[in-house]
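Asker: show me the folded form of this:
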Amino acid sequence: MRADPDIVIEPRRGKREKLLPKRALMVVNPSEADAAAKIFSSFLGETRSLYQSKLLVDTNKRLCLAGPGLGAPAAGLLMEKLIVLGVQEIWLLSCCGSLDPSLLIGDLLLGSSAVSGEGVSQYYSSDIISNPSLSVTSSLQLFMKKQAIAAASGVIWSTDAPYREMRSKLIDLQERYGVVGIDMEYSALCAIARFRGIAFGGLFVVSDEIWGSGWKPGFSKPIFKDRCREIMEKLICHGLQEE
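Answerer: Reported below is the predicted structural model:
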């Protein structure tokens, strides 16, 4: 994409920054990013720092692992830097709150379209709805099918203010857009990926349930932690094997 002369700062590759593999796995939540880094350590070839995130590259330079990057602004900065360093395909592994009674803590959700409730997307797109790449979404579907992993597919709403979620707003999002999950980064990353012309898709582990009479968190529950670790291990191995 041609540089826009009206933009003050464009993402750039530093003189001493090495190019990255074409594929990256982003894990935006701090605890899950730490767990993913431990799994990745068996394949580690290089460690770098990127803003407030870790950037790990495997010995064969097939995959890099980046994170954390909590919230749309942090995740967006991380994605922009990965792209300028040569990454062409990004898989997001994250967690989400469930608005659907059929999606329970520990269940998997493959992101379809994204509805923006965060502040980053508007700088990349005038649309409130954005979509992941069909190629990555199809690849993740095939990966889960081969691994015999059950996963639903649905619309995600991303917000900057999780402590200001209103029941009336959530009901409206369900009725208007068919939203089934809530996170803080997905819509921004979809918008950036489309703007920059790279492939992107996201897979979520349900971390909390919001569809009942009250909020039911599951971040510390074994079923959530075990599922996160299972998917991390399989995704990392899958990424290292893919050409």
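Asker: now for residue 220: which residues touch it?
Answerer: The neighbourhood of residue 220, defined by C-beta atoms under 8 Å, 6 or more residues apart in numbering, contains no residues. For glycine as for every other residue, the C-beta is placed from the backbone atoms N, C-alpha and C.
Asker: and the most centrally placed residue in the chain, what are its phi and psi?
Answerer: Against the mean C-alpha coordinate of the chain, by C-alpha atoms, centre = their mean, the closest residue is residue 92 at 2.9 Å. According to degrees, to the nearest 10, the main-chain angles of residue 92 amount to phi -100, psi 130.
Asker: so what's it bridging to?
Answerer: Bridge pairing for residue 92 (DSSP bridges) gives the partners residue 26, residue 202.
Asker: roughly how far does it sit from residue 159?
Answerer: Between residue 92 and residue 159 the distance, using C-beta to C-beta, to the nearest Å, works out to 16 Å.
Asker: what do you get for residue 174?
Answerer: Distance check for residue 174 against residue 159: by C-beta to C-beta, it reads 14 Å.
Asker: swap in residue 218?
Answerer: Taking C-beta to C-beta as the criterion, residue 218 is separated from residue 159 by 19 Å.
Asker: show me the helices in the protein, by range?
Answerer: Using DSSP state H, the helices of the chain run over 30-40, 72-84, 134-146, 167-177, 186-196, 222-241.
Asker: comparing the ones you listed, which comes out most buried?
Answerer: Taking mean count of other C-beta atoms under 10 Å as the contact definition, the stretch among these with the greatest mean neighbour count is helix 186-196, which reaches a mean of 26.
Asker: so it versus helix 72-84, what angle?
Answerer: Note on geometry: by axes from the mean of the first three to the mean of the last three C-alpha atoms, to 10 degrees, helix 186-196 and helix 72-84 are set 30 degrees apart in direction.
Asker: please shift the residue numbers so they start at 12 in all later answers.
Answerer: With the count now opening at 12, the last piece we talked about shows up as helix 197-207.
Asker: for this structure, what helix or strand is lowest in average pLDDT?
Answerer: Lowest mean confidence among the helices and strands of the chain (mean pLDDT, DSSP states H and E): strand 55-61, at a mean of 92.
Asker: parallel or antiparallel, list what pairs with that one.
Answerer: Taking DSSP bridges as the criterion, strand 55-61 pairs within the sheet with strand 64-69 (antiparallel).
Asker: now the partner strand: mean pLDDT?
Answerer: Per-residue pLDDT values across strand 64-69 average out to 96.
Asker: contact partners for the residue nearest to the centre of the chain?
Answerer: When contacts are taken as C-beta under 8 Å, 6+ apart, residue 103 is in contact with 37, 39, 122, 196, 197, 200, 211, 212, 213, 214.
Asker: wait, residue 192 sits on residue 167?
Answerer: Yes: taking C-beta atoms under 8 Å as the contact criterion, residue 192 and residue 167 are neighbours in contact, 4.7 Å apart.
Asker: sketch out the low-pLDDT regions of this protein for me.
Answerer: Within the chain, the stretches with pLDDT under 70 are 12-13, 253-254.
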